[in-house]
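[1] Could you work out the structure for the sequence below:
(4 chains)
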2 protein chains.
Amino acid sequence: MKRVATIKDIASALDVSTSTVSRILNGKNQSNAQLVKEVKAMARKLNYQVNTAAKGLRTNKTKLIGIIVPEIGDDFFAAILSGMQEASEELGYNLLVCQSNESKKKENQLVKSLIACNVEGILIAPSKETHNINFLKGLPALGKHAVIFDRIIDQEVFPHISFDDEQGGYLGGKYLIASGHRKLLFIGLSEALKNGVARLSGYNKALDESDLPNCTASFLDTDGTASEILDHHWQEGAYDAVACYNDLIGAQVIAHFNEIGVKVPQEVSVLGFDNRPLCEYTFPRLSSIEHSTNKMGRMAVTTLLDLLNETESETLDIAPKLVERNSVRQRS
Amino acid sequence: MKRVATIKDIASALDVSTSTVSRILNGKNQSNAQLVKEVKAMARKLNYQVNTAAKGLRTNKTKLIGIIVPEIGDDFFAAILSGMQEASEELGYNLLVCQSNESKKKENQLVKSLIACNVEGILIAPSKETHNINFLKGLPALGKHAVIFDRIIDQEVFPHISFDDEQGGYLGGKYLIASGHRKLLFIGLSEALKNGVARLSGYNKALDESDLPNCTASFLDTDGTASEILDHHWQEGAYDAVACYNDLIGAQVIAHFNEIGVKVPQEVSVLGFDNRPLCEYTFPRLSSIEHSTNKMGRMAVTTLLDLLNETESETLDIAPKLVERNSVRQRS
DNA sequence: TTGTACGCGTTATCAC
DNA sequence: GTGATAACGCGTACAA
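    Okay, the predicted model is just below:
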């Protein structure tokens, strides 16, 4: 039967004890230099690989982090995952990645399954359905921790990494106003998504400061498709700029205007959010509010590890930035 | 100290042996029905979670699959990962996801680290640098297996899931010819990428069959940016359609034509490859060759598991399909 | 049907 | 400096 080499194999090959091998391989020893050499050589020769499961069983450290996102294929989460991967690799951790498909039930089940895998902690972006994180409350009792990222949840049990959505909206609002716009149409995904509400409120805050009327607010889950929303309000002449919850909506808006022959940005401006790659590929190219997804991923990992090791690390700057492209008309 | 409940805890709480608990929890028992009930109730009460590491140590089955992709954040791989996640979850497996950053050295190191985690098998999309998979050869001796996906490697040691790139190119070529195009410009990433060469050769095969001259072939890594390539050959009037290695290049091509005022598809047609979401967001919307990334992910998982369990499963159809949008001019 | 005893691979403790 | 031994949580052959 095929089997991977263990320290026992190394020990018996060299006629020493397993504990000696273990110590040498972990550098916890000031052994006989000659022996150290021999052990390391034999380990290489036998193609030895430490068995993390056994090690974890003994030490209660698995160097495993569990991650739950609504959808891996979504490029927003994919970018965050990428940052997590980079940070965790630098720190010698591996990632166990799962997707909840926006289902709270599945989230529950995944948490259990991750605990079963002995992860040291869990990073989770809650599903749209999830409005409390009671199912995570058992974690601290197990010596594990969690960090919530992206989606905002009101409970303050676990640390929480998210972009300052309101600040992002505010930034966008200031920019649109400075470029001469007066009537904003906001298109969101759903009023239930707190991030969207925060972005909208940022826009309105900027408008308030200039004594302009609030955004016309609309949401895809209640007010119809982007096209329908645009056409409906267009007839009323209700907006000179469209503030979108994210770039996907922004791209849809631009595509619609292209189709019906409305010139962007000459006749109407469009501003996205998130600064995803697709901003470069619309015509005109979509201006957007950038949030560093990569940094968010890195920060989620370091925050979790700090929690577990009770250390303190630097916090990264994830303040929103405006990325100007060609979808917003400049004051002439 | 905080500790998660074990079968030992359940056993002592109920004053039975651990083996009884183990048997009941695994359903390998026709125990006293009353006892079964009590054990299950106690397990729930203590919030018991099986320790997969310990179980894996004993049974040599960890229900873990290791995955190595060049870049998680890339939405092409993200989509494949999504399919893998779906398939593996249905089969009770968890995914350990790593990224190689297109580095062969890192791939090597990741394989070792995945073996250390006791994964049952490895799914890998080799990096651009990787032209042999010798570093995977040790796997079978360890009772583990691997499945290569996406990127083509010439060695036939492990099964191999990839799209039929040549067939995809052929499909695209036939389509462009049928729409009245005669002179094709192909823009690839790098001549070293076998997938690109296969796609190009598919285009040329279609052209050959109609006695038309081969594509003008260019590659971003040697011939300059997409814009430079387009302008250079445009002046020579060398093409009436641009066949792109992937949709990203296609989007760049469309954006460039929009910028210099060349009408797509009236003056020149553009065809992408992969049918990624961004096809919907260019103007005009980008026609493309679809490969089902999700299915590829699913298939990689089922193929690996079949290999490990020596079972046989259905093969999914991942034949390329043409997705018509608005970037290719139709014969008038 | 149930309990006892042992081993999976590793590390920590304590002798020597 | 090195080796025997126990322990981590679990599954299972074997005995009862």
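
[2] care to break chain A down by domain?
    A:7-50, A:59-163+A:293-319, A:165-291 (automatic domain parsing).

[3] any chance you could map the helices in the stretch 51-200 of chain A?
    A:52-59, A:75-90, A:104-116, A:165-178, A:194-209 (DSSP state H, counting those that start in this stretch).

[4] can you redo those as JSON lines with mean neighbour count and mean pLDDT?
    For the C-beta atoms, the positions are set from N, CA and C on the backbone; glycine is no exception. Output for the helices of the stretch 51-200 of chain A, formatted as JSON lines (neighbours: other Cβ atoms under 10 Å in any protein chain shown; pLDDT from 0 to 100):
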{"stretch": "helix A:52-59", "mean neighbour count": "17", "mean pLDDT": "90"}
{"stretch": "helix A:75-90", "mean neighbour count": "23", "mean pLDDT": "91"}
{"stretch": "helix A:104-116", "mean neighbour count": "19", "mean pLDDT": "89"}
{"stretch": "helix A:165-178", "mean neighbour count": "22", "mean pLDDT": "97"}
{"stretch": "helix A:194-209", "mean neighbour count": "20", "mean pLDDT": "95"}
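
[5] Quick one: residues contacting the nearest residue to A:Thr6 once chain neighbours are set aside.
    Counting by Cβ to Cβ, 6 or more residues apart in numbering or on different chains, A:Thr6 lies nearest to A:Asn51, which is 7.0 Å off, once chain neighbours are set aside. Residues in contact with A:Asn51 (Cβ atoms under 8 Å, 6 or more residues apart in numbering or on different chains) are A:Val4, A:Thr6, B:Leu57, B:Ala116, B:Asn118.

[6] Same question for A:Leu304.
    Here A:Leu304 is in contact with A:Ile65, A:Gly121, A:Leu123, A:His145, A:Ala146, A:Val147 (criterion: Cβ under 8 Å, 6+ apart).

[7] Return the residues of chain A in contact with DNA strand C.
    A:3, A:6-8, A:18-19, A:22, A:25-26, A:28, A:48-51, A:54-55, A:57-59 (Cβ under 7 Å from any atom of the strand).

[8] hmm, back to that, which among the contacts of A:Leu304 are in contact with chain B?
    For chain B, no contacts are drawn from the contacts of A:Leu304 by Cβ under 8 Å from any Cβ of the partner chain.

[9] any idea which of the residues you listed is least confident?
    Among those, A:His145 has the lowest pLDDT, at 89.

[10] number of nearby residues for it?
    By other Cβ atoms under 10 Å in any protein chain shown, the residues close to A:His145 number 20.

[11] can I assume it is in contact with A:Leu139?
    Yes - counting by Cβ atoms under 8 Å, A:His145 touches A:Leu139, with 6.3 Å between them.

[12] Touching both of these two, which residues are there?
    What both A:His145 and A:Leu139 touch, as defined by Cβ under 8 Å, 6+ apart, is the set A:Gly121, A:Ile122.

[13] circling back: okay if I get the helices of the stretch 51-200 of chain A as JSON lines plus distance to chain B?
    As requested, the helices of the stretch 51-200 of chain A are exported to JSON lines (distance: least, Cβ to the nearest Cβ, whole Å):
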{"stretch": "helix A:52-59", "distance to chain B": "4"}
{"stretch": "helix A:75-90", "distance to chain B": "3"}
{"stretch": "helix A:104-116", "distance to chain B": "5"}
{"stretch": "helix A:165-178", "distance to chain B": "20"}
{"stretch": "helix A:194-209", "distance to chain B": "20"}
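
[14] Figure out which of these is closest to A:Arg329.
    helix A:165-178 (9.6 Å; Cβ to Cβ).

[15] Any idea how far the closest one is from the middle of the chain?
    How far helix A:165-178 lies from its chain's middle: 22 Å, per Cα atoms, centre = their mean, to the nearest Å.

[16] ditto for stretch A:28-48
    Using Cα atoms, centre = their mean, the offset of stretch A:28-48 from its chain centre is 42 Å.

[17] swap in stretch A:16-30?
    40 Å.

[18] Does that stretch reach chain B?
    No - Stretch A:16-30 does not reach chain B (Cβ under 8 Å from any Cβ); its nearest approach is 12.2 Å.

[19] A:Pro320 is in contact with A:Asp164, isn't it?
    Yes - using Cβ under 8 Å, A:Pro320 is in contact with A:Asp164, at 6.3 Å.

[20] Name the residue in the two with the higher neighbour count.
    A:Pro320 (24 against 16).

[21] Could you report the pLDDT at that one?
    94.

[22] now swap in A:Val268 and tell me
    At A:Val268, pLDDT is 97.

[23] What is the burial count for it?
    22.

[24] give the contact list for it.
    Residues near A:Val268 by Cβ under 8 Å, 6+ apart: A:Tyr239, A:Asp240, A:Ala241, A:Val242, A:Phe257, A:Val262.

[25] what pairs with the residue nearest to the first one when sequence neighbours are not counted across the strands?
    Sequence neighbours aside, A:Leu185 is the residue nearest to A:Tyr239 in space, at 3.7 Å (criterion: Cβ to Cβ, 6+ apart). Judged by DSSP bridges, the bridge partners of A:Leu185 are A:Thr216, A:Val242.

[26] Run a quick neighbour tally on A:Leu185.
    There are 23 residues near A:Leu185, going by other Cβ under 10 Å.

[27] Now do the same for it: its pLDDT.
    97.

[28] contacting residues around the nearest residue to A:Arg329 once chain neighbours are set aside?
    Closest residue to A:Arg329 apart from its sequence neighbours, by Cβ to Cβ, 6+ apart: A:Pro265 at 3.9 Å. For A:Pro265, the contact set (Cβ under 8 Å, 6+ apart) comprises A:Pro284, A:Asn326, A:Ser327, A:Val328, A:Arg329.

[29] Most neighbours of all these, which one?
    Neighbour max across those (other Cβ under 10 Å) = A:Ser327, 28 neighbours.

[30] A:His232 versus that residue, what's the distance?
    Applying Cβ to Cβ, to the nearest Å, the value for A:Ser327 to A:His232 is 21 Å.

[31] quick one, what contacts A:Ser227?
    Per Cβ under 8 Å, 6+ apart, neighbours of A:Ser227: A:Gln252, A:His256.

[32] Roughly how far does it sit from A:Leu189?
    15 Å.

[33] Check A:Lys321 too.
    From A:Lys321 to A:Leu189 the distance is 22 Å (Cβ to Cβ).

[34] Neighbour count for those two, which is higher?
    Neighbour count, other Cβ under 10 Å: between A:Lys321 and A:Leu189, A:Leu189 has more, with 17 against 14.

[35] what does the stretch 51-200 of chain A have sitting close to DNA strand D?
    A:Ala54, A:Leu57, A:Arg58.

[36] out of everything not next to it in sequence, what's closest to A:Asn204?
    Using Cβ to Cβ, 6+ apart, the closest residue to A:Asn204 is A:Asn214 (4.7 Å).

[37] mind listing what the one you found touches?
    A:Asn204, A:Leu207, A:Asp208.

[38] Equivalent analysis for A:Leu185, please.
    Here A:Leu185 is in contact with A:Cys215, A:Thr216, A:Ser218, A:Ile229, A:Leu230, A:His233, A:Ala238, A:Tyr239, A:Ala241, A:Val242, A:Ala243 (criterion: Cβ under 8 Å, 6+ apart).

[39] What sits closest to the fifth one if chain neighbours are left out?
    Right, A:Leu230. A:His256 (5.6 Å).

[40] Now do the SS call for the one you found.
    helix (DSSP: H, G, I helix; E, B strand; the rest coil).
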